[in-house]
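> My questions are about this predicted structure, shown below with the sequence.
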Amino acid sequence: MIVEAALQEDAQVIGLSIHSGAHMTLFPRVIEVLREKGAGDIVVFGGGIIPDDDIEELKKRGVAEIFTPGAPLQGIVDWINQRFEKR
């Protein structure tokens, strides 16, 4: 549903907040479906309660950035703005 909504809205980015512990399943699955639909250029980032070791692995799997609890909202906004200035 997330990917379908992003495609319908012509999104450039998907941000996921995961606090359930399913981050190693959900992030990679969203990226996989994006690639299957020919939309691998949509940037996926997110946050939540994610262990440091898992953050590195998620980045290897294609997650652009992970923000942990306490990350300032302005830092996230600045990251998005910088990311899309390059496009």
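Perfect, I can see it now.
> Next, find the distance separating residue 26 from residue 16.
Distance, residue 26 to residue 16, by Cβ to Cβ, to the nearest Å: 7 Å. C-beta coordinates here come from the backbone N, C-alpha and C atoms, glycine included.
> Count the residues that sit near residue 22.
11 (other Cβ atoms under 10 Å).
> For residue 5, see how far away it is.
Distance, residue 22 to residue 5, by Cβ to Cβ: 19 Å.
> what residue lies at the spatial centre of the chain?
Centroid-nearest residue in the chain, with Cα atoms, centre = their mean: residue 45, separated by 2.1 Å.
> ok, the helix or strand hosting it: who's next to it in the sheet?
Per DSSP states H and E, residue 45 falls inside strand 43-48. Sheet pairing of strand 43-48 (DSSP bridges) gives strand 13-18 (parallel), strand 65-67 (parallel).
> Columns distance to residue 58 on top of those strands, output as JSON lines?
What follows is those, written out as JSON lines (distance: least, Cβ to Cβ, whole Å):
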{"stretch": "strand 13-18", "distance to residue 58": "10"}
{"stretch": "strand 65-67", "distance to residue 58": "6"}
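> What's the per-residue pLDDT of the spatially closest residue to residue 39 that is not a sequence neighbour here?
Among residues not flanking residue 39 along the chain, residue 7 sits closest, at 6.0 Å (Cβ to Cβ, 6 or more residues apart in numbering). Note for residue 7: predicted pLDDT of 97.
> Buried residues, the host helix or strand of residue 7. List them.
Using DSSP H and E, residue 7 sits within helix 2-8. Neighbour-count burial for helix 2-8 flags 3, 6 (criterion: 16 or more other Cβ atoms under 10 Å).
> Make residue 1 into 46 and carry on from there
Let's use 46 as the start, then, which means that last one is helix 47-53.
> and that helix, what does it pack onto?
Using 3 or more Cβ pairs under 8 Å, 6 or more residues apart in numbering; DSSP states H and E as the contact criterion, the elements in contact with helix 47-53 are strand 58-63, helix 68-81.
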